[in-house]
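In: need a structure here:
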Amino acid sequence: MKNDKQIFLPGMGKQLDFLQKEFRGKPETILVVGSASEAPALLLSEIFQINVNLIVEDYESLLNSKFMISGSVNINSAMMGFESTDFADSTFDLIYAQASISLMNRNKIIKELKRILKPNGFLCVGEITSRSKEIPQFVKDIFDSSNLLPLFVDDTNKYYSERGFKIIAEEDLSDSLREYYSASSTLLKETKYGLSEDEKKYYKKLINKISHESNAFLKLGGEKHIGFKTLLLQKG
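Out: Residues are numbered from 1 along each chain as shown. Here you go, the predicted model:
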């Protein structure tokens with residue numbers, strides 16, 4: 001199953017393709033972490049024929065999630081802090097996070113995800129990465145505006161190994177970012193024409209953010225410094 005046209009996140013459908021290729025288990029419990037992750041949650045439910053839990057961090061994302069999955073009885077969405085969930089220890093066989101935990105509080109998030117993973121459970125994570133150790137100011141501004149603290153790409157394996165995870169597989173999906181930002185730019189232009197003046201005011205911050213990031217990546221050389229890597233990890 002190819003998922004490029006169904007998932008609109010950094011990495012597009014390639015992270016889920018990677019998971020399907022590398023993961024051999026049959027999970028009974030799955031958690032998807034992150035806003036705008038309804039598509040991977042629905043696809044994972046379809047692939048493994050089970051219910052899937054989805055968590056987002058803010059109320060607006062929860063409303064969007066409820067709207068996007070309306071009609072589906074297989075996805076349970078809820079609002080929780082990623083570093084402090086309501087789940088019991090050792091709840092999930094598989095946790096899936098696509099471009100959602102490369103944040104300033106990543107250390108606390110990873111500690112929490114490890115807590116709620118079952119022994120020998122799996123974490124499939126897609127990380128926004130820094131492709132250079134010295135990044136220009138305009139790239140720093142992008143990271144700061146999104147509360148991101150990307151790992152240097154060569155340090156990702158070490159980071160997770162030091163936290164008790166075994167690296168099962170990895171893949172650099174940085175090439176997918178051009179597709180993502182190109183699609184973002186196109187969607188932004190199409191969407192702006194359909195918004196009322198009140199809606200444009202309401203979404204002004206988000207519109208400006210997407211526009212700035214797309215322009216920086218596509219026209220200012222951001223792709224030299226911003227990458228995306230996915231890993232399949234097993235809890236030790």
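
In: helices and strands of this structure: which one bottoms out on pLDDT?
Out: helix 197-202 (a mean of 56; mean pLDDT, DSSP states H and E).

In: what about the longest strand in this structure?
Out: Longest strand in the chain, counting residues (DSSP state E): strand 117-130.

In: what ranges does the chain have for its strands?
Out: Under DSSP E, the chain gives strands at 30-33, 52-56, 75-79, 92-98, 117-130, 151-152, 165-172, 226-235.

In: I'd guessed residue 153 sits against residue 131; true?
Out: Yes - Residue 153 lies in contact with residue 131 (Cβ atoms under 8 Å); the separation is 5.6 Å. For the C-beta atoms, the positions are set from N, CA and C on the backbone; glycine is no exception.

In: gap between the residue nearest to residue 83 when sequence neighbours are not counted and residue 56?
Out: The shortest distance from residue 83 to any non-neighbouring residue, by Cβ to Cβ, 6 or more residues apart in numbering, is to residue 108 (3.8 Å). Applying Cβ to Cβ, to the nearest Å, the value for residue 108 to residue 56 is 17 Å.

In: same check, this time on residue 63
Out: 9 Å.

In: check residue 146 too.
Out: As judged by Cβ to Cβ, residue 146 and residue 56 stand 15 Å apart.

In: which residues are contacting stretch 168-178?
Out: If you take Cβ atoms under 8 Å, 6 or more residues apart in numbering as the criterion, stretch 168-178 is touched by 10-12, 14-15, 18, 22, 122, 126, 129, 131, 153, 156-157, 217-218, 223, 226-234.

In: swap in stretch 78-88?
Out: Outside stretch 78-88, the residues touching it (Cβ under 8 Å, 6+ apart) are 31, 33, 53-59, 61-62, 100-101, 103, 105, 108-109, 111-113, 116.

In: which of those are buried? Put it as a PyMOL command.
Out: One line in PyMOL is enough to select the buried ones among the contacts of stretch 78-88; burial here means 16 or more other Cβ atoms under 10 Å:
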select buried, resi 31+33+53+54+55+56+57+61+62+100+101+103+109+112+113+116
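
In: re earlier: the inter-axis angle of the longest strand of the chain versus strand 92-98?
Out: Using axes from the mean of the first three to the mean of the last three Cα atoms, to 10 degrees, the inter-axis angle of strand 117-130 relative to strand 92-98 is 10 degrees.

In: can you give me the buried ones in strand 117-130?
Out: Buried-residue list, strand 117-130, by 16+ other Cβ under 10 Å: 117, 118, 121, 122, 123, 124, 125, 126, 127, 128, 129, 130.

In: need those residues in JSON lines with distance to residue 81, can you?
Out: As requested, those are arranged in JSON lines below (distance: Cβ to Cβ, whole Å):
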{"residue": "117", "distance to residue 81": "17"}
{"residue": "118", "distance to residue 81": "21"}
{"residue": "121", "distance to residue 81": "20"}
{"residue": "122", "distance to residue 81": "22"}
{"residue": "123", "distance to residue 81": "18"}
{"residue": "124", "distance to residue 81": "21"}
{"residue": "125", "distance to residue 81": "18"}
{"residue": "126", "distance to residue 81": "20"}
{"residue": "127", "distance to residue 81": "20"}
{"residue": "128", "distance to residue 81": "20"}
{"residue": "129", "distance to residue 81": "24"}
{"residue": "130", "distance to residue 81": "25"}
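
In: farthest pair within these?
Out: 118 and 130 (31.7 Å; Cβ to Cβ).

In: give the residue spans of the protein that score low on pLDDT.
Out: Within the chain, the segments meeting pLDDT under 70 span 1-5, 187-210, 212.
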